[in-house]
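Undergrad: From the sequence below, what's the structure:
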Amino acid sequence: MYYYLHGMITFHTADSVVVECGGVGYDVLVSHPDEFPIGETLFVFVSYVHNENEQYFVGFKTLEEKNMYLSLTSVKGIGPKTALTALSSTSVERLANAIENSDTAFLMRLPGIGKKSAGQLILDLKGKLLMLDTSARTLNAEMDVAKDGLKALGFKESEIKNALGQINETNLTADDYLKKALQILNK
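TA: Predicted coordinates:
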């Protein structure tokens, strides 16, 4: 439903940040609020949680962290807040390694994860976690915006992946990625 918020970080609490988008401040629960500097305009990847008692955003600095969160919450017995607390206690890489190596002892040291939950995480996720390339290129929010724009223009996923894969420059704006990809696609 929601993919990201793009706005200025205006406030921190112990477990959240406020992202101002178009004059509206969105309270977003995050694992490491200090990684979101106040006054900077950032992309905050989000997951929208809603149930009969509450509604809130959970935010992430990288797509890798968001994907790990979504993997964790897909496991029976692991809710949104438990997944976020687990992510705040370790790195995505260390958590993925623990799951892949069946390191139950490490998983049980994470807040909210007991023996049963640790076993379920390993059972459900071992071998299924995508080890994402942590390079800036694959986690580049600007490139993701350009990708969404190309999809909206009717290009196929394979065409988009091929075109963006041919762009060797990094840290471009979404418009620059979009222009370069369109040049490649129009050849």
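
Undergrad: how near is the residue most central in space within the chain to residue 176?
TA: Most central in the chain under CA atoms, centre = their mean is residue 66, positioned 2.5 Å from the mean C-alpha point. Residue 66 sits 24 Å away from residue 176, going by CB to CB, to the nearest Å. Heads up, the C-betas are built off the backbone N, CA and C, glycines and all.

Undergrad: what do you get for residue 163?
TA: The value you get for residue 163 to residue 176, if CB to CB is used, is 13 Å.

Undergrad: more crowded one of the two?
TA: Neighbours per residue (other CB atoms under 10 Å) separate residue 163 from residue 176, with residue 163 holding more: 23 against 15.

Undergrad: I figured residue 66 hits residue 72, correct?
TA: No: with contact defined as CB atoms under 8 Å, residue 66 does not count as touching residue 72 (10.7 Å).

Undergrad: low-scoring pLDDT stretches of this structure, where are they?
TA: For the chain, applying pLDDT under 70 flags the ranges 130-140, 170.

Undergrad: Can you tell me the closest non-neighbouring residue to residue 65?
TA: Leaving aside its sequence neighbours, residue 65 sits nearest to residue 92 (CB to CB, 6 or more residues apart in numbering; 5.4 Å).

Undergrad: That neighbour: neighbour count?
TA: Counted with other CB under 10 Å, residues neighbouring residue 92 total 20.

Undergrad: swap in residue 70?
TA: 13.

Undergrad: looking at it, residue 85 is touching residue 111, isn't it?
TA: Yes: shown here, residue 85 and residue 111 form a contact pair, counting by CB under 8 Å, at 4.7 Å.
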